[in-house]
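Q: Sharing a model that was predicted from the sequence below.
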Amino acid sequence: MTTSATARTAPRPRVDPRLRARRISVRRAEGRRRLHRLALLALVIGLAAAAWGVTRSPVLDIDRIQVRGAGRTAVATVLATSGIERGSALTELDPGAVEARLERLPWVARAEVERRWPGSVEVTVHERVPVALVTDQAGGRFLVDGAGRVLAGVVSASADLPRVDGVAPVGAPGTDVEATTLDAVRLARLLPGRLRPEVDAVRVDGDDLVLELVGGGRVLVGDGRDLGTKLLATGAVLARVGELSGTLDVRVPASPVLTGGPQ
């Protein structure tokens, strides 16, 4: 006799209603969090798109460019060199790059560029001050500042500036003079007020500097070291002897030597 076993399915365990409700609550909370994250992401993307749109809006275009401090440099030259164009986006302006371009102009020592929202740019240039009129060996005449920057070529001499003669050929405006010429310019700039009327010119003689005096005398200054001390020695001797017709050697300022004139 064959006996067949009847397969029986085990009853599913009953889930506690409180646990079931808890699981449903957790799934719903996770869904709400995902929805909030998606909404926040959409908001951020929307704000970024709106900000990008505002930066490209005509509202922030450059409508006005104001230039201050330009005296020796033409305003038109400042504007052209700046590269700033009306109608371009103010947000894309790089003030540092504009300042660097402007500071390559011969007369410009320092430039400041500021954005003025919503649509203006203010450019301020601080110009260099000439301290000497330099005549080079090729016959060119140039205004030079105290740092040795060539500012401009000129046709006639200026009575307001000390003259520096006999220097090596000078480059174009915006370049710098060579070292010995710079020493001569420094000497001219350092001339004290009481001594300056007695000096006709500062001359470069090889590697040495010479003061040519109005009365025909000469002062041998030597190289560019201790210029202030050498000028003090020169002033002291001239105050004692008056007009000098000979040669005064102050290359060793502590021991000046006067020859060919009153002792």
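A: Received, thanks.
Q: What is the neighbour count of residue 176?
A: 15 (other Cβ atoms under 10 Å). For every residue, glycine as well, the C-beta is placed using N, CA and C.
Q: any idea how far it is from residue 83?
A: Separation of residue 176 from residue 83 (Cβ to Cβ, to the nearest Å): 24 Å.
Q: cool, and residue 97?
A: Counting by Cβ to Cβ - residue 97 and residue 83 are separated by 8 Å.
Q: residue ranges of the helices in the protein, please?
A: 17-55, 75-82, 95-102, 179-190, 227-241 (DSSP state H).
Q: show me the residues around the residue lying closest to residue 195 once chain neighbours are set aside that make contact.
A: Closest residue to residue 195 apart from its sequence neighbours, by Cβ to Cβ, 6 or more residues apart in numbering: residue 235 at 5.2 Å. By Cβ atoms under 8 Å, 6 or more residues apart in numbering, the contact list for residue 235 reads 192, 194-195.
Q: Any of the residues you listed buried? List them.
A: Buried members of the contacts of residue 235, counted by 16 or more other Cβ atoms under 10 Å: residue 195.
Q: could the contacts of residue 235 go into CSV alongside distance to residue 257 and pLDDT?
A: Shown next, in CSV, are the contacts of residue 235 (distance: Cβ to Cβ, whole Å; pLDDT from 0 to 100):
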residue, distance to residue 257, pLDDT
192, 21, 93
194, 22, 90
195, 19, 92
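Q: would CSV of the contacts of residue 235 with distance to residue 143 be doable?
A: Formatted as CSV, the contacts of residue 235 follow (distance: Cβ to Cβ, whole Å):
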residue, distance to residue 143
192, 22
194, 25
195, 22
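Q: measure stretch 107-121 end to end?
A: Counting by Cα to Cα, to the nearest Å, you get 21 Å between the two ends of stretch 107-121.
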